[in-house]
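>>> Sharing a sequence plus its predicted fold:
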Amino acid sequence: MPELAAIESFLYREASYLDCPDLDSWIELYTEDAYYWIPATEDQTDPINHVSHVYDDRVMMEIRRRNFVHPRAASKDSQTRCSHIIGNVCIKEQSPEGGLIVESTQHVVVWYQDAQRIYAFTAQHELRTENGGFKIKSKRVNLINPDAAQRSLVIYL
């Protein structure tokens, strides 16, 4: 089993790509069959039959990435800045496919259009070992206030 320090380092790298933002490098951390999910209710079990804030497969992640970096994108009208704080990283279990389910608490401050937004959540990553490192098979962002109205997310958390 990988050392916790290696997993923490990987999560810090993902966060640093989002903080820059460097979505080109960030998306390379994900497997081709990956998905990214932000449920709209606490303990939501199904992203298909229930409304979610975000439920993106790799294709949709690529589209959002391209839209974000496009020179004429509306997101370019105002600079986006982020700051991630990650804590309480722990390995929860082994996934059915042989990967690891890793949980962490995260606080993210996003500065966009002259407004600061704060998101607090528990992140659940499913990591797979690949070429001596990790790839993200899935990321679930469990907001502490998923039922609240959320402002438009200009960048992934």
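Here it is on my side, so go on.

>>> Every contact and neighbour count from this point should use C-alpha atoms.
Noted.

>>> where do the strands sit along this protein?
30-39, 52-57, 81-94, 100-112, 115-130, 133-143 (DSSP state E).

>>> just so I know, which of those strands lies nearest residue 154?
strand 100-112 (8.0 Å; C-alpha to C-alpha).

>>> pLDDT of that closest one, averaged?
For strand 100-112, mean pLDDT rounds to 94.

>>> Hey, what's the angle from it to strand 133-143? Just curious.
60 degrees (axes from the mean of the first three to the mean of the last three C-alpha atoms, to 10 degrees).

>>> one step back: with mean neighbour count and distance to residue 4 as extra columns, can I get the strands of the chain in TSV?
Shown next, in TSV, are the strands of the chain (neighbours: other C-alpha atoms under 10 Å; distance: least, C-alpha to C-alpha, whole Å):
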stretch	mean neighbour count	distance to residue 4
strand 30-39	19	19
strand 52-57	17	27
strand 81-94	16	7
strand 100-112	19	10
strand 115-130	17	12
strand 133-143	21	12
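
>>> Turn the ones you listed into CSV, including distance to residue 8.
Below are those laid out as CSV (distance: least, C-alpha to C-alpha, whole Å):
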stretch, distance to residue 8
strand 30-39, 16
strand 52-57, 24
strand 81-94, 7
strand 100-112, 9
strand 115-130, 11
strand 133-143, 11
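
>>> and of the ones you listed, who's closest to residue 45?
strand 30-39 (8.6 Å).

>>> Show me what that closest one is in contact with.
The contact list for strand 30-39, computed with C-alpha atoms under 8 Å, 6 or more residues apart in numbering, reads 47, 51-58, 61, 135-143, 146.

>>> same check, this time on stretch 82-100
So stretch 82-100 is contacted by 4, 8, 12, 15-16, 18-21, 101-111, 125-129 (C-alpha under 8 Å, 6+ apart).

>>> now stretch 142-157
18, 38-42, 68, 75, 108, 119-124, 141.

>>> Check stretch 115-124 too.
101-111, 138-144.

>>> can you check stretch 2-14 too?
For stretch 2-14, using C-alpha under 8 Å, 6+ apart, the contacting residues are 26, 29, 86, 89, 90, 91, 134.

>>> How much space separates the fifth one from residue 16?
What that stands for is residue 90. 19 Å (C-alpha to C-alpha, to the nearest Å).

>>> If you compare the directions of the helix or strand of the chain with the lowest mean pLDDT and strand 133-143, what angle comes out?
Least confident helix or strand, the chain: helix 58-69 with a mean of 86, by mean pLDDT, DSSP states H and E. If you take the same axes, to 10 degrees, helix 58-69 sits at 80 degrees to strand 133-143.
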